[in-house]
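Novice: Task: produce atomic coordinates for the following.
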Amino acid sequence: MDAIDQALSSTRVNQVKGNHGKDNDEKKLKEACQGFEAIFLSSMMKSMRQTLPGDSIFGESQGLDVYKSMYDQHLADNLAASGRGVGIADFFYSELKDSEE
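Specialist: A predicted model of the protein is given here:
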């Protein structure tokens, strides 16, 4: 292999590595936006749950409060990750992705 072929080969490898790094950055940005939407949804559900009257069947307990909180967080995480949330993640992703370039 002569010097020109080596330089071209090296350039192609760097381009592939560069694209992989960009894809990885976009993936991290998307995950961060989904995480923000999950926090927002969890906070919204917590506020909504506080407006409900107490549970007369099981009563109120610290364990039940922890369970409800964990359930709300799990539901918020799944909604944000599935794209069926309120659209905040998609909005932030498109705005922040465009601002990087």
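
Novice: shaky segments in the protein?
Specialist: Segments of the chain classed as low confidence (criterion: pLDDT under 70) are 1-21, 55-56, 58, 100-101.

Novice: who's in contact with the residue sitting nearest the centre point of the chain?
Specialist: The centroid of the chain falls nearest to Q34 when counting by Cα atoms, centre = their mean (2.2 Å). For Q34, the set of contacting residues under the criterion of Cβ atoms under 8 Å, 6 or more residues apart in numbering consists of 80-81, 89. Heads up, the C-betas are built off the backbone N, CA and C, glycines and all.

Novice: element containing it, please.
Specialist: Per DSSP states H and E, Q34 falls inside helix 3-50.

Novice: elements contacting the helix or strand following that helix?
Specialist: The element immediately downstream of helix 3-50 (helix or strand, assigned by DSSP H and E) is helix 62-82. Contacts defined by 3 or more Cβ pairs under 8 Å, 6 or more residues apart in numbering; DSSP states H and E place helix 62-82 against helix 3-50.

Novice: A80: neighbour count?
Specialist: Burial measure for A80: 24 neighbouring residues, criterion other Cβ atoms under 10 Å.
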